[in-house]
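Chemist: here is a sequence together with a model predicted from it:
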Amino acid sequence: MDDATTIPEKDPEAAGRPTAPDPRADRTRAGRTGVGGSAVRRSGGPVSTAGVAGWVPTQQRSAQPGGQAGVERRRLPRARAVDRDDFLLGAAAGRTVTHVGFVPAGGDGLGLGGFGPGRPGGLGRDVRWLHARIATVARDLVGVDVDAAGVARARAAGYDGHTVDCGSPAEVARAAIRPAELVLVGEMIDQVDDVGAFLDGMRSLTTSAGTMIVTTPNVFRPHNLVATLAGRDTALPGQVSWHSWSTFANVLEKHRWRIVTLRPYTIDGAQARGGARWAMAAGRTAHLLAPWLANGLIAVCRQAPPAA
């Protein structure tokens, strides 16, 4: 994390932000004891996904000969790419939210946790850090990240943040964060060594009727193809995997997350510079012809019941 990056000060006067009397008093079970203090959150009902085209996770799959386990083929459903940030802000509006991975890994300014090139100051001053934007619409917001220094800076700016290694379900449980209506997991599962353990740990952060939204870059985005044709390979620092529509669905289903909808997303690249801006523009153009070539994938999930 770049020490030169600044977190905007939280603006308590941000227009339109729902507030509750002394929300910090009832979010902390044993008080704050430094960066990693345990937070207690209010729980609530499920996140509405009205108007969002659904995805049926029980589509017929066909195995093809040629491999030990065969090859699964799934017909890609018809879909319309959504703007990722608009989608997430709409889902968070008026709800209790736990934002996992809210500290930016690379300060790209466009990632779910990116601080971005916006000016420091109030939330209404063109700040690109999405966590700050979520704070203007969520009823209650808690950030969770393994980056202790980044969490400390966020807390100093007035945000509720906690240092937790979400790759360990036991550590997530020890953090004692009360289950939320909505858990946002942005651009993280491609950087987690043990994705299964990570997804298992997310279950304790959501209510039984709660929702988890996961986003991840799309392995088939045009930027990857162009880089390969140019003899290059691209990955973010710390990235260990890529996901396609099928692999994304497979890992979520395997760890008992019922997919409500899975669709492609685009990113507003207006603030990006150089090659990144062109890559995002290519993704926005490509998805008009083939939606599943868009920049990334976004899944809305709920906890599935235990297997009989």
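Modeler: That came through, no problem.

Chemist: tell me the SS of residue 149?
Modeler: helix (DSSP: H, G, I helix; E, B strand; the rest coil).

Chemist: residue 99 and residue 132 touch, don't they?
Modeler: No: contact between residue 99 and residue 132 fails when scored by C-beta atoms under 8 Å: they sit 10.7 Å apart. To be clear about C-beta, it is placed using only N, CA and C from the backbone, and glycine gets the same treatment.

Chemist: quick one, helices of the stretch 101-250 of the chain?
Modeler: In the stretch 101-250 of the chain, the helices defined using DSSP state H, counting those that start in this stretch lie at 130-135, 148-156, 169-174, 195-202, 222-229, 245-254.

Chemist: what pLDDT does the closest residue to residue 193 other than its chain neighbours get?
Modeler: Distance criterion C-beta to C-beta, 6 or more residues apart in numbering; nearest residue to residue 193, sequence neighbours excluded, is residue 240 at 6.3 Å. With respect to pLDDT, residue 240 has a value of 91.

Chemist: hang on, the earlier thing: looking at the helices of the stretch 101-250 of the chain, which has the lowest confidence?
Modeler: Sorting these by mean pLDDT places helix 222-229 lowest, at a mean of 80.

Chemist: please name every helix or strand in contact with that one.
Modeler: Using 3 or more C-beta pairs under 8 Å, 6 or more residues apart in numbering; DSSP states H and E as the contact test, the elements touching helix 222-229 are helix 274-289.

Chemist: give the rounded mean pLDDT of the helix it packs on.
Modeler: On average, helix 274-289 scores 66.

Chemist: got the angle for whichever helix or strand comes after that helix vs helix 245-254?
Modeler: Using DSSP states H and E, the helix or strand that follows helix 274-289 in sequence is strand 296-303. Interaxial angle of strand 296-303 relative to helix 245-254 (axes from the mean of the first three to the mean of the last three C-alpha atoms, to 10 degrees): 20 degrees.

Chemist: ok, and what's touching strand 296-303?
Modeler: Strand 296-303 is contacted from outside by 46-47, 49, 52, 82, 84, 87, 91, 187, 203, 206, 208-218, 221, 243, 245, 248-249, 252, 256-265, 267, using C-beta atoms under 8 Å, 6 or more residues apart in numbering.

Chemist: stretch 235-243 now?
Modeler: If you take C-beta under 8 Å, 6+ apart as the criterion, stretch 235-243 is touched by 105-106, 189-193, 195, 216-219, 224, 251, 297.

Chemist: for residue 265, give the beta-bridge partners.
Modeler: For residue 265, the beta-bridge partners under DSSP bridges are residue 82, residue 296.

Chemist: report the two of the contacts of stretch 235-243 separated the most.
Modeler: Using C-beta to C-beta, the pair of those lying farthest apart is 106 and 251, separated by 23.4 Å.

Chemist: higher neighbour count, the two?
Modeler: In this view residue 106 and residue 251 are compared by other C-beta atoms under 10 Å, and residue 251 has more residues nearby, 20 against 15.

Chemist: what's opposite the residue lying closest to residue 154 once chain neighbours are set aside in the beta bridge?
Modeler: Nearest non-adjacent residue to residue 154, counting by C-beta to C-beta, 6+ apart: residue 161, 4.3 Å away. Counting by DSSP bridges, residue 161 is bridged to residue 143.

Chemist: does residue 202 really touch residue 166, like I thought?
Modeler: Yes: the pair residue 202 and residue 166 passes the contact test of C-beta under 8 Å, sitting 7.4 Å apart.

Chemist: between those two, which contacts overlap?
Modeler: Each of 100, 172 lies in contact with both residue 202 and residue 166 under the rule C-beta under 8 Å, 6+ apart.

Chemist: between the contacts of stretch 235-243, which is closest to residue 136?
Modeler: Distance to residue 136 across the contacts of stretch 235-243 (C-beta to C-beta) is lowest for residue 105, with 22.9 Å.

Chemist: just list the residues touching residue 166, thanks.
Modeler: Contacts of residue 166 by C-beta under 8 Å, 6+ apart are 100, 101, 144, 146, 172, 188, 192, 198, 201, 202.

Chemist: can you do 7 Å?
Modeler: Contacts here follow C-beta atoms under 7 Å, 6 or more residues apart in numbering; on that basis residue 166 touches 100, 144, 172, 198, 201.

Chemist: buried among those? Make that a PyMOL selection.
Modeler: Only the buried entries of the contacts of residue 166 go into this PyMOL selection, using 16 or more other C-beta atoms under 10 Å:
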select buried, resi 100+144+172+198+201
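
Chemist: now the contacts of residue 166 in JSON lines, with distance to residue 150?
Modeler: Converted to JSON lines, these look like this (distance: C-beta to C-beta, whole Å):
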{"residue": "100", "distance to residue 150": "13"}
{"residue": "144", "distance to residue 150": "11"}
{"residue": "172", "distance to residue 150": "18"}
{"residue": "198", "distance to residue 150": "19"}
{"residue": "201", "distance to residue 150": "20"}
